[in-house]
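**Q** Starting from these lines, generate the structure:
(one chain, ligands or ions: 1)
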Amino acid sequence: MFNLAHPKLVTLAETEGYAEVADFLEDHALGSVVPTVCVVSDCDHTADLEPDQRAGFCEACGPASMKSGLVISGMI
Ligand SMILES: [Zn+2]
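**A** Below is the predicted model:
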């Protein structure tokens, strides 16, 4: 079940310059590095990390809270 309406996913897509989450996912579905976003509620730090990243350390706020857009969407 994909979750294209996740607020962090919408934020990530917008940060990367996409109006539609689906377009963002289509462009990055096969990437070797993909945009990730910090899922802490008051932090929107983004970085390019592994496609299956679900616990990367956030350089802005500290915890292992970086998740890739593909993970957040449920694609992987
Ligand atoms: Zn953060």
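**Q** Next, count neighbours for the spatially closest residue to P63 that is not a sequence neighbour.
**A** Spatial nearest neighbour of P63, chain neighbours left out: V40 (6.7 Å); criterion: CB to CB, 6 or more residues apart in numbering. C-betas here are computed from N, CA, C, even on glycine. Counted with other CB atoms under 10 Å, the neighbours of V40 add up to 16.
**Q** For V40, which three-state class applies?
**A** Three-state call for V40 (DSSP: H, G, I helix; E, B strand; the rest coil): coil.
**Q** got it, and V37?
**A** Three-state call for V37 (three-state DSSP): strand.
**Q** follow-up on the earlier one: for the residue nearest to P63, give me its contacts.
**A** 58, 61, 63, 65 (CB atoms under 8 Å, 6 or more residues apart in numbering).
**Q** ok, of these, which come out buried?
**A** Listed as buried from the contacts of V40 are 58, 65; burial here means 16 or more other CB atoms under 10 Å.
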